[in-house]
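Visitor: Here you go, sequence then predicted model.
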Amino acid sequence: MKNAKCPTRSQKIKLKALGINPEAWLISIDCPDRLVIVHRVTEKVRTLNMRGLGKCEA
């Protein structure tokens, strides 16, 4: 798996909309239909479906 990166502002907004704390997660894969995140401490991997989320505006 490639190195996970800190979430961008728009990714943080999407994570907050899903009820996930963006400060605790890193972004591994960012595709239009899915988002793969890795927990900073436990290294647990989650795959989120972004298809139904739509566009988030700040």
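Guide: Good, I have the coordinates.
Visitor: Quick check: bridge partners of the nearest residue to residue 20 once chain neighbours are set aside?
Guide: Leaving aside its sequence neighbours, residue 20 sits nearest to residue 37 (Cβ to Cβ, 6 or more residues apart in numbering; 7.5 Å). To be clear about C-beta, it is placed using only N, CA and C from the backbone, and glycine gets the same treatment. Per DSSP bridges, the residues bridged to residue 37 are residue 27, residue 46.
Visitor: Quick one: residues contacting residue 37.
Guide: By Cβ atoms under 8 Å, 6 or more residues apart in numbering, the contact set of residue 37 is 4, 15, 20, 25, 26, 27, 28, 45, 46, 48.
Visitor: buried subset of these?
Guide: Buried subset of the contacts of residue 37 (neighbour count, 16 or more other Cβ atoms under 10 Å): 4, 15, 20, 25, 26, 27, 28.
Visitor: what ranges of the chain fall below the confidence cut-off?
Guide: 1, 52-58 (pLDDT under 70).
Visitor: which strands and helices sit next to the helix or strand containing residue 14?
Guide: Under the criterion of DSSP states H and E, residue 14 resides in helix 9-17. Other elements packing on helix 9-17 under the criterion 3 or more Cβ pairs under 8 Å, 6 or more residues apart in numbering; DSSP states H and E are strand 25-30, strand 34-39.
Visitor: CA atoms only for the first one, dumped as CSV, please.
Guide: Which is strand 25-30. Only the C-alpha atoms of strand 25-30 are listed here, as CSV (Å, rounded to 0.1, in the frame of the first residue of the first chain):
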residue,chain,number,x,y,z
TRP,A,25,-7.3,9.6,9.6
LEU,A,26,-4.9,9.7,6.6
ILE,A,27,-5.9,9.4,3.0
SER,A,28,-4.5,6.4,1.2
ILE,A,29,-6.5,6.3,-2.1
ASP,A,30,-8.8,9.1,-3.3
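Visitor: tell me the angle of it relative to helix 9-17?
Guide: 110 degrees (axes from the mean of the first three to the mean of the last three Cα atoms, to 10 degrees).
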